[in-house]
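In: Based on what follows, work out the 3D shape:
(2 chains)
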Protein chains: 2
Amino acid sequence: MSTPFPFPDQLNLLDREIRTALAGYTAPGSLYDPIRYILKNSGKRIRPLLVLLTGESLGGDRQLLLKGAMAVELLHNFTLVHDDIMDQDDLRRGQTTIHKRWDEGTAILSGDGLIGLAYRLLTENDYPNFQPVLKTFTDAVVEVCEGQALDKEFETSATVSLEDYRNMIAKKTAALIEMAVELGALMAGAERQVATGLAEFGYNIGMAFQIQDDLLDFLSTNKILGKPVGSDLLAGKKTYVTLMAQQLFNEQQLAEFEQYLLIKALDDKMLHRLQQLLHKGGIVAQGEKEVHAFFLKAEKILRQVFPTSDGEQLTVATNWILNRTY
Amino acid sequence: MSTPFPFPDQLNLLDREIRTALAGYTAPGSLYDPIRYILKNSGKRIRPLLVLLTGESLGGDRQLLLKGAMAVELLHNFTLVHDDIMDQDDLRRGQTTIHKRWDEGTAILSGDGLIGLAYRLLTENDYPNFQPVLKTFTDAVVEVCEGQALDKEFETSATVSLEDYRNMIAKKTAALIEMAVELGALMAGAERQVATGLAEFGYNIGMAFQIQDDLLDFLSTNKILGKPVGSDLLAGKKTYVTLMAQQLFNEQQLAEFEQYLLIKALDDKMLHRLQQLLHKGGIVAQGEKEVHAFFLKAEKILRQVFPTSDGEQLTVATNWILNRTY
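Out: Numbers count the residues shown, from 1 in each chain, chains lettered A, B, ... in the order given. Model prediction:
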């Protein structure tokens, strides 16, 4: 069961802060119009929320944390813009992607600009833990690039193992969520030990989040997903579901599954049959089991770092992510 | 007359340091192979040299300065990789560009990776002036993106003025050279006033450098340039030469000049006639005059910042840049 989004006020605050931060950036329009366009389409803003909630749980200053939160959101959007070019995706959260609405050069450059603006938010002024913050942020930039490179390499590889996949999503997805939590902690002035502990909490949330995403890509409807179900698979993308299918399906189930992978956009009826297959073959149960295992680890760390109720908001966020259906 | 390159030892040192810094980056190969490929083709390395020479003139630590120098060089190469995709250039310094040798996705990602590695060189350890260094570097990242956006916007605009052009090259070229000098000063522990003064020295060098480049694009041979003369012009690029032609040529000269702009690759004979036209129409003289004016300003600042012989190496570098023919 999905619960309602528990942080509507923080989401509004983040939207407003991002609008304000971008207000001064008008010319050149070919750079800043697409940047404003992608950031207006807010999505769930889970990464910046984690910066804010983590930092405030540790008594951090909201104005400073908002800068960190926005930097993480801008960096995340940079990855979306460039990944969408590489994957030739036309839609993102139901909205035309930048390289489709403008052109590839514009999308490359606005992604670059997003990195620059992200770093600007972090470097305008000095604050405690400045160097560790910049190091942590930068390590995540390098890791997401490595993760994306692996993801693309896997498309044309026939020998991707589940271990390879976990290493890839650790870099491509978990690294950024891990960094968001660590950044929030560091910006709140946390000691290295607390920051490292919380980083591991973020890592586990991130791993769970990506496996959930891979499952939801199959279990959602086309409408909820904002893009056609199956679009990634045609490109040969390795996801939790495709790799687990190799392990858990019998010969007949695998043959049926592989038929679906060849279809460009599944209609609702085909999608329903595919979903039944994934349930029957144990893929959904196995995936949910892995997701829960990561969440249990995350919650355990949270209780260790916050023995009192100071971590309450992070627990709420964790539970919401665990139960999300989109 | 061109003088021999005066810093062969520093160039070797930079090449070696870059090789060492990259040695640990092997996998994923689709990310790090192209990064190694572009950085091996060293070019003039003027920007990192300016970091090193500026910092050492102020008594800075060579090991720290080398990190800053490499960061600037990696950032510069990021701009080359992404610009070459946008401009659809097949050659860079006589070598096949990354998006041609691999593919566009690989080139986008290796450009992104270069930004990440550049920041990693700057953020691994703390040092004096850490926050100003990161702010200065980041401002240049944003500015080069703005400069590139303007450059692309100008291609399809018929109303680009010389002022627009100067604003564009200030961001696209001078910002990075200005930053290189400022970074060297800050990393040597310079006071804000000294760093700002030297930044202006760098700005003037940078402006001169780009106008020189625009002239050399016409005055070099195809062989020296490493790419066909005229390739940029076909795309409608606004350069010092094309804009000045509008001002200085008479009707007949302009008509002849515009004929040349339609030819994809000029042969040596045509190139020679075009060069004669640029000399006769006063474009070369006017360009050299502007270049000299920027150099005079740069040298004046240098004498103010370094009343003794401490700035000797920077004077040597400045004179070499002024007299370069490639």
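In: what's the closest non-adjacent residue to the most centrally placed residue in chain A?
Out: With distances taken as C-alpha atoms, centre = their mean, residue A:173 lies nearest the centre of chain A, 5.3 Å away. Excluding its sequence neighbours, the residue lying closest to residue A:173 (C-beta to C-beta, 6 or more residues apart in numbering or on different chains) is residue A:210, at 4.0 Å. The C-beta positions use only the backbone N, C-alpha and C, and glycine is treated the same way.
In: So that neighbour, which state does it fall into?
Out: Under the three-state scheme (DSSP: H, G, I helix; E, B strand; the rest coil), the conformation of residue A:210 reads as helix.
In: Next one: it from chain B, what distance?
Out: 18 Å (C-beta to the nearest C-beta, to the nearest Å).
In: what do you get for residue A:72?
Out: Distance, residue A:72 to chain B, using C-beta to the nearest C-beta: 15 Å.
In: Tell me the spacing between the residue of the stretch 201-326 of chain A found nearest chain B and residue A:211.
Out: Of all residues in the stretch 201-326 of chain A, the one sitting closest to chain B is residue A:235 (11.3 Å; C-beta to the nearest C-beta). Counting by C-beta to C-beta, to the nearest Å, the gap from residue A:235 to residue A:211 is 19 Å.
In: Spell out which parts of the stretch 151-300 of chain A neighbour chain B.
Out: Where proximity means C-beta under 8 Å from any C-beta of the partner chain, the interface of the stretch 151-300 of chain A facing chain B comprises A:152-153.
In: Hmm, residue A:287 is touching residue A:242, no?
Out: No - with contact defined as C-beta atoms under 8 Å, residue A:287 does not reach residue A:242; the gap is 11.8 Å.
In: what comes up buried for the host helix or strand of residue A:274?
Out: Taking DSSP states H and E as the criterion, the element that holds residue A:274 is helix A:268-280. Judged by neighbour count (16 or more other C-beta atoms under 10 Å in any protein chain shown), helix A:268-280 contains these buried residues: A:271, A:274-275, A:277-278.
In: now that helix: mean pLDDT?
Out: Model confidence over helix A:268-280 averages 91 on the pLDDT scale.
In: So which elements touch it?
Out: Other helices and strands packing on helix A:268-280, by 3 or more C-beta pairs under 8 Å, 6 or more residues apart in numbering or on different chains; DSSP states H and E, are helix A:192-219, helix A:251-261.
In: thinking again about what came up before, leaving out sequence neighbours, find the closest residue to the residue of the stretch 201-326 of chain A closest to chain B.
Out: The shortest distance from residue A:235 to any residue that is not its chain neighbour, by C-beta to C-beta, 6+ apart, is 5.8 Å, and that residue is residue A:155.
In: And the one you found, how close does it get to residue A:37?
Out: The spacing between residue A:155 and residue A:37, counted by C-beta to C-beta, is 28 Å.
In: Using CSV, write down the CA coordinates of stretch A:159-179.
Out: Extracted C-alpha coordinates of stretch A:159-179, given in CSV (Å, rounded to 0.1, in the frame of the first residue of the first chain):
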residue,chain,number,x,y,z
THR,A,159,27.9,-12.0,-19.6
VAL,A,160,26.6,-9.5,-17.0
SER,A,161,26.3,-11.1,-13.6
LEU,A,162,24.1,-10.0,-10.7
GLU,A,163,27.3,-8.9,-9.0
ASP,A,164,28.2,-6.7,-12.0
TYR,A,165,24.7,-5.3,-11.8
ARG,A,166,25.0,-4.5,-8.1
ASN,A,167,28.3,-2.8,-8.7
MET,A,168,26.8,-0.8,-11.5
ILE,A,169,23.7,0.4,-9.5
ALA,A,170,25.9,1.1,-6.5
LYS,A,171,27.7,3.7,-8.6
LYS,A,172,24.9,4.9,-10.9
THR,A,173,22.2,5.2,-8.3
ALA,A,174,23.3,4.5,-4.7
ALA,A,175,26.4,6.7,-4.9
LEU,A,176,24.2,9.8,-5.3
ILE,A,177,21.8,9.0,-2.6
GLU,A,178,24.6,8.0,-0.3
MET,A,179,26.3,11.3,-1.0
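In: who touches that stretch?
Out: For stretch A:159-179, the external contacting residues (C-beta atoms under 8 Å, 6 or more residues apart in numbering or on different chains) are A:46-47, A:50, A:72, A:75-76, A:79, A:136-137, A:139-140, A:143-144, A:146-148, A:150-151, A:154, A:199-200, A:202-203, A:205-207, A:209-211, A:213, A:238-240, A:243-244, A:247.
In: What of stretch A:9-21?
Out: A:5, A:39, A:42, A:45, A:48-49, A:52-53, A:66, A:69-70, A:73, A:117, A:121.
In: Just the buried ones from these?
Out: Buried residues within the contacts of stretch A:9-21, counting neighbours by 16+ other C-beta under 10 Å: A:39, A:45, A:48-49, A:52-53, A:66, A:69-70, A:73, A:117, A:121.
In: Make JSON lines out of the residues you listed and add secondary structure and pLDDT.
Out: Rendered in JSON lines, the data for the buried ones among the contacts of stretch A:9-21 read as follows (DSSP: H, G, I helix; E, B strand; the rest coil; pLDDT from 0 to 100):
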{"residue": "A:39", "secondary structure": "helix", "pLDDT": "96"}
{"residue": "A:45", "secondary structure": "coil", "pLDDT": "94"}
{"residue": "A:48", "secondary structure": "helix", "pLDDT": "98"}
{"residue": "A:49", "secondary structure": "helix", "pLDDT": "97"}
{"residue": "A:52", "secondary structure": "helix", "pLDDT": "98"}
{"residue": "A:53", "secondary structure": "helix", "pLDDT": "98"}
{"residue": "A:66", "secondary structure": "helix", "pLDDT": "98"}
{"residue": "A:69", "secondary structure": "helix", "pLDDT": "98"}
{"residue": "A:70", "secondary structure": "helix", "pLDDT": "98"}
{"residue": "A:73", "secondary structure": "helix", "pLDDT": "98"}
{"residue": "A:117", "secondary structure": "helix", "pLDDT": "98"}
{"residue": "A:121", "secondary structure": "helix", "pLDDT": "98"}
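In: for the stretch 151-300 of chain A, which spans come out with low pLDDT?
Out: Along the stretch 151-300 of chain A, segments meeting pLDDT under 70 span A:222-232.
In: ok, now with 90
Out: Across the stretch 151-300 of chain A, residues meeting the criterion (pLDDT under 90) sit at A:217-237, A:258-271.
In: send the alpha carbons of the helix holding residue A:274 over as CSV?
Out: This file holds the C-alpha atoms of helix A:268-280, laid out as CSV (Å, rounded to 0.1, in the frame of the first residue of the first chain):
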residue,chain,number,x,y,z
ASP,A,268,-2.0,-2.8,-21.2
LYS,A,269,-3.1,-6.3,-21.9
MET,A,270,0.4,-7.5,-22.7
LEU,A,271,1.7,-5.7,-19.7
HIS,A,272,-0.7,-7.5,-17.5
ARG,A,273,0.3,-10.9,-18.8
LEU,A,274,4.0,-10.0,-18.4
GLN,A,275,3.3,-8.9,-14.8
GLN,A,276,1.6,-12.2,-14.1
LEU,A,277,4.6,-14.0,-15.4
LEU,A,278,7.0,-12.0,-13.2
HIS,A,279,4.8,-12.8,-10.1
LYS,A,280,4.5,-16.5,-11.0
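In: Setting the sequence-adjacent residues aside, check what's closest to residue A:184.
Out: Beyond its immediate neighbours in the sequence, the residue positioned closest to residue A:184 (C-beta to C-beta, 6+ apart) is residue A:54, lying 3.2 Å away.
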